[in-house]
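**Q** curious how this folds, go ahead:
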Amino acid sequence: MKRLKTLERIVTSNITRLALASAFIAVTIPAILGITGCDSPTAPKNQAPKTRIESTRLVGNNAYVSATGTDEDGSIEGFFYSLDNGIWQPEPGQDFYKIFKGLPTGDHNIRVKTFDSDNEADPSPENWDFTVDPITEQGTIVFTAEINGNYEIFTMNPDGSDKQRVTHTEYDEVYPSWNPDKTKIIYSSEIGEFYQLFKIYPDGNFPVQLTNDTENNWLPQYSPDGQEIVFTRGRDLHLMNNNGTNSRYLTTGREARWHPTESKLVYTDGPFLGAKLFTINKDGSNREQLTFDNSDDVSPAYNQTGSQIIYTHRRNNSYDLFRMNCDGTQQVPISTGVQKIYSPMFSPDYSKIIFHSCQSTPWGIIYSIDATGGNLENLTSEYTGAKYPNWK
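**A** Down below sits the predicted model:
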């Protein structure tokens, strides 16, 4: 009997110890895991990803949007976007960059939301509301302006409104030109000892260097289909693909502009005092001279049908605006009200002409006039200087 009681005490003591140990575990382990009350450890719930619009820009009637996403318990798989409350469209990738081209005038809304590897989407999409001005139906102008002693690329509406800076570098950027759908700008940059060609999106994103030569590369122009670029290298004209490959010699000359519908170009050739205008096919054939007088003819550009050419003609020690038929006949002056005119170009609808003048300042002022002359308008009065307009 005595032994039995001793055994009962031992068993009771062990049971008590087990109970205390269990109680310790029940309290301590949840505390370590951050579990309180009567909760038990369970798998955490998936967290929805979050979206942030990084930048937006409206250039003419093209809208540019970039966005990023974050996800605490997974990875970003892509984005959904919606224009004007339309159907959500998927866009895979770690970052979002989208161009909405050719938007009609009026109010618009773009929504963006992230989705993750668990196929969860941000429940609170980012929004951008904006308005496309009716003036953008007349096109958009890209140009160079002087800022603190440095030339940079800008865009503006045809009436001079909504000026936006594109490049932000320590180098001079000059001779900008649009690609056909106005989603890229090509230009010359004094990045080193020589000017090289770059292309960039109009919102300033993704600059890409296209040339790396031991000569200056100037005055680039996209072909009407956007597949090729003509430019001046040294004192010659060259062609290359729009990604900078397959660069090849075309002919002697400078300042080439494409015919809007044919595989030919109009350009300047000859000495700087005594230059003349020529045309040539892009394969180098059929070179024809258009002007023959004893003056200088420079900066030619076709109208939108290719039937006429506008250019600068030097007379009485001043460069004035002229036009002629595409075969060089009927050369007539256009009244502008200013002199020392350079880089003329027709508006897309042929109703206006844009150019820069160095009459009042060597840095240049950009003007527009009616295609028939008159109605002179200063578009860049707020800048010390502005040059090389390109209107599309």
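
**Q** okay, CA-based contacts and neighbour counts for the rest of this
**A** Will do.

**Q** outline the domain layout of this protein.
**A** Taking automatic domain parsing as the domain assignment, the ranges for the chain are 50-132, 135-391.

**Q** now the terminal residues of stretch 230-237, how far apart.
**A** With C-alpha to C-alpha, to the nearest Å applied, stretch 230-237 spans 7 Å between its terminal residues.

**Q** contacts for that stretch, please.
**A** Contacts of stretch 230-237 with the rest of the structure, by C-alpha atoms under 8 Å, 6 or more residues apart in numbering, involve 215-223, 238-240, 249-257.

**Q** from the residues you listed, which land in strands?
**A** When the contacts of stretch 230-237 are checked against strands using DSSP state E, the ones located there are 217-222, 238-240, 249-252, 254-257.

**Q** and residue 80, which of the three is it?
**A** Residue 80 carries the three-state label strand when classified by DSSP: H, G, I helix; E, B strand; the rest coil.

**Q** need the nearest residue in space to it, chain neighbours excluded.
**A** Closest residue to residue 80 in three dimensions, ignoring its sequence neighbours and counting by C-alpha to C-alpha, 6 or more residues apart in numbering: residue 90, at 4.5 Å.

**Q** give me the element the one you found is part of.
**A** Per DSSP states H and E: residue 90 is located in strand 89-92.

**Q** that strand pairs with which strands, parallel or anti?
**A** Strand 89-92 has the following strand partners under DSSP bridges: strand 76-83 (antiparallel).

**Q** any low-confidence regions in the stretch 151-300 of the chain?
**A** By pLDDT under 70, the stretch 151-300 of the chain has no low-scoring segment.

**Q** now what about stretch 281-301, what contacts it?
**A** Contacts of stretch 281-301 from elsewhere in the structure, counted by C-alpha under 8 Å, 6+ apart, are 250-251, 255-258, 263-268, 272-280, 309-315, 327-328, 342-346.

**Q** do the same with stretch 137-146
**A** Under the criterion C-alpha under 8 Å, 6+ apart, external residues in contact with stretch 137-146 comprise 59-61, 105, 151-158, 173-178, 347-349, 363, 383-392.

**Q** just the buried members of those?
**A** Burial by neighbour count, judged by 16 or more other C-alpha atoms under 10 Å, picks out 59-61, 151-158, 173-178, 347-348, 363, 384-392 from the contacts of stretch 137-146.

**Q** in strands, which of these appear?
**A** Using DSSP E, the members of the buried ones among the contacts of stretch 137-146 that fall within strands are 59, 151-156, 173-178, 386-391.

**Q** how about the helices in the chain?
**A** Using DSSP state H, the helices found in the chain span residues 2-33.

**Q** quick one: residues contacting the nearest residue to residue 270 once chain neighbours are set aside.
**A** Distances taken as C-alpha to C-alpha, 6+ apart put residue 276 closest to residue 270, at 6.2 Å, once the chain neighbours are dropped. Residues near residue 276 by C-alpha under 8 Å, 6+ apart: 268, 269, 270, 289, 290, 291, 292, 296, 297, 298.

**Q** can you rerun that using 7 Å?
**A** With contact set as C-alpha atoms under 7 Å, 6 or more residues apart in numbering, residue 276 has these partners: 268, 269, 270, 291, 292, 296, 297, 298.

**Q** may I have the beta-bridge partners of the first one?
**A** When assigned by DSSP bridges, residue 268 has beta-bridge partners residue 254, residue 277.

**Q** got the contact list for it?
**A** Taking C-alpha under 7 Å, 6+ apart as the criterion, residue 268 is in contact with 253, 254, 255, 256, 275, 276, 277, 278, 298, 299.

**Q** if I look at the fourth one, how far off is residue 104?
**A** Look at residue 256 and residue 104: by C-alpha to C-alpha, they are 32 Å apart.

**Q** now swap in the second one and tell me
**A** According to C-alpha to C-alpha, residue 254 stands 37 Å off from residue 104.

**Q** which of the two has more residues huddled nearby?
**A** When residue 254 and residue 104 are compared on other C-alpha atoms under 10 Å, the one with more neighbours turns out to be residue 254, at 25 against 15.

**Q** if we can go back for a sec, buried subset of the contacts of stretch 281-301, written for PyMOL?
**A** To isolate the buried ones among the contacts of stretch 281-301 in PyMOL, judged by 16+ other C-alpha under 10 Å, type:
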select buried, resi 250+251+255+256+257+258+264+265+266+267+268+275+276+277+278+279+280+309+310+311+312+313+314+328+342+343+344+345+346
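
**Q** strands of the stretch 251-392 of the chain, start to end?
**A** If you assign secondary structure with DSSP state E, counting those that start in this stretch, the strands in the stretch 251-392 of the chain sit at 254-258, 264-269, 276-281, 288-289, 297-302, 308-315, 318-325, 332-333, 341-346, 352-357, 365-370, 377-378, 386-391.

**Q** and of those strands, who's closest to residue 165?
**A** Proximity to residue 165 (C-alpha to C-alpha) singles out strand 386-391 among these, at 12.7 Å.

**Q** about what we covered before: so what's the residue nearest to residue 80 up against?
**A** Shown here is residue 90, whose contacts under the criterion C-alpha under 7 Å, 6+ apart are 79, 80, 81.

**Q** likewise residue 340?
**A** By C-alpha under 7 Å, 6+ apart, the residues touching residue 340 are 318, 319, 320, 357, 358, 359.

**Q** cool, thanks, talk later.
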